[in-house]
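A.B. asks: I'd like to go over a predicted model; first the sequence, then the structure.
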Amino acid sequence: MDDVQILMPREVPLGGPRAMPVRRTLPSRQRSLVGAWCFLDHYGPDDVAATGGMAVPRHPHTSLATVSWLFTGEIDHRDSTGVHATVRPGELNLMTAGRGVSHSEFSTADTTTLHGVQLWFALPARARDTDPAFDHHVPEPVYVPGGIARVFLGDLFGVRSPVVTYTPLSGAEILLDADAETVVEVPEGHEHALLLDDGDVTFEGATLERGELGYVAPGRRTLTIRSAGGARLVLIGGEPLGEQIVMWWNFIGRDHDDVVRAREEWMAEIGGPDPEQGQRFGPFDAGQPAALPAPALPGGRLRPRG
């Protein structure tokens, strides 16, 4: 269908050139944002014995929130707020970076297959300097026509997640049976996108291949999803952010200088923090692998998105 924009995944290594490969659909050349959602990685089923699984040492974030949602396997999460948590299938783990946070992610020793998604959403300007925080939520499954949904953020299928997002958005995993159709009621002013993890699906009449993300603009009150043989899907949506952001590496800023300052502070901190200056991205547990240094900035000024 002409009114469904299909974003193709590109394969990138997670955390370095020899790291676990992931399929990235946001950001893309065609689209930077879906509501406030600004990043979507889809990975697995990944044979951890062959790839080493997820192994991302301590790294920083600013002005965004990370959402981890697993289908299979487990991930060990540590962050500079003092949280040490295990990410498990069907359980939402959301880390709000606010003014600055650092964290690490490693698949657990007993994980043989890793499969899931990681998403980020940009914090609106009013929340960009909020305190870093961590939320854990286990959504109850809700039966929908033709399948089951787990609403991990926002309000869908008559279920509302209690997790604070600072901007109106939604997210859910949907499992459809064979020969199934479900119609999702959505806010007319929100934009939405559907990721096909496995199986087959048509979204508002458009056929998606595995790993593709189908986007629809605001203006709909319902979204129709069909599957002939069954499918696992991730639906995201939200009110358009209405703000420009600069996104580079793991930072979001409001302009080029914001990102440059965050990079300089991170590099100074991992090189040996100055107690008199404080730690924007720390402290962190001792005995952990060395932190990731930030890459060099590209030439010229970073361009805004949105």
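C.D. replies: Thanks, I have the structure now.

A.B. asks: would you mind pulling the contact partners of the helix or strand bottoming out on mean pLDDT in the chain?
C.D. replies: Between all helices and strands in the chain, the lowest mean by mean pLDDT, DSSP states H and E belongs to helix 48-51, at a mean of 88. By CB atoms under 8 Å, 6 or more residues apart in numbering, the list of residues contacting helix 48-51 from outside reads Ala19, Met20, Pro21, Gly73, Ser107, Thr111, Thr112, Thr113, Leu114. Glycine gets a C-beta too; all of them are placed from N, C-alpha and C.

A.B. asks: out of those, which is nearest to Arg29?
C.D. replies: Pro21 (19.7 Å; CB to CB).

A.B. asks: touching, the closest one and Pro9? I think so.
C.D. replies: No. Under the criterion of CB atoms under 8 Å, Pro21 is not in contact with Pro9, lying 10.6 Å apart.

A.B. asks: looking at the two, which one has more neighbours?
C.D. replies: Pro9 (20 against 13; other CB atoms under 10 Å).

A.B. asks: contacting residues around that one?
C.D. replies: Arg23, Arg24, Thr25, His42, Gly211, Glu212, Leu213.

A.B. asks: how about low-confidence regions in the stretch 51-200 of the chain?
C.D. replies: Along the stretch 51-200 of the chain, no part satisfies pLDDT under 70.

A.B. asks: how much space separates the closest residue in space to Asp3 that isn't next to it in sequence from Pro45?
C.D. replies: Excluding its sequence neighbours, the residue lying closest to Asp3 (CB to CB, 6 or more residues apart in numbering) is Val216, at 6.6 Å. Counting by CB to CB, to the nearest Å, the gap from Val216 to Pro45 is 28 Å.

A.B. asks: re the thing from before, what residues of the least confident helix or strand of the chain count as buried?
C.D. replies: Burial within helix 48-51, assessed by neighbour count using 16 or more other CB atoms under 10 Å, is assigned to Val48, Thr51.

A.B. asks: show me the beta-bridge partners of the closest residue to Val4 other than its chain neighbours.
C.D. replies: Computed as CB to CB, 6+ apart, the closest residue to Val4 that is not its neighbour in sequence is Ala206, at 3.7 Å. Beta-bridge pairing of Ala206 under DSSP bridges involves Phe203.

A.B. asks: wait, Ala206 touches Gly214, no?
C.D. replies: Yes. Assessed by CB under 8 Å, Ala206 is found in contact with Gly214 at 5.6 Å.

A.B. asks: okay, those two: which has more neighbours?
C.D. replies: Gly214 (26 against 18).

A.B. asks: contacting residues around the more buried one?
C.D. replies: With CB under 8 Å, 6+ apart as the criterion, the residues that contact Gly214 are Val4, Gln5, Ile6, Leu7, Ala193, Leu194, Leu196, Phe203, Glu204, Ala206, Leu208.
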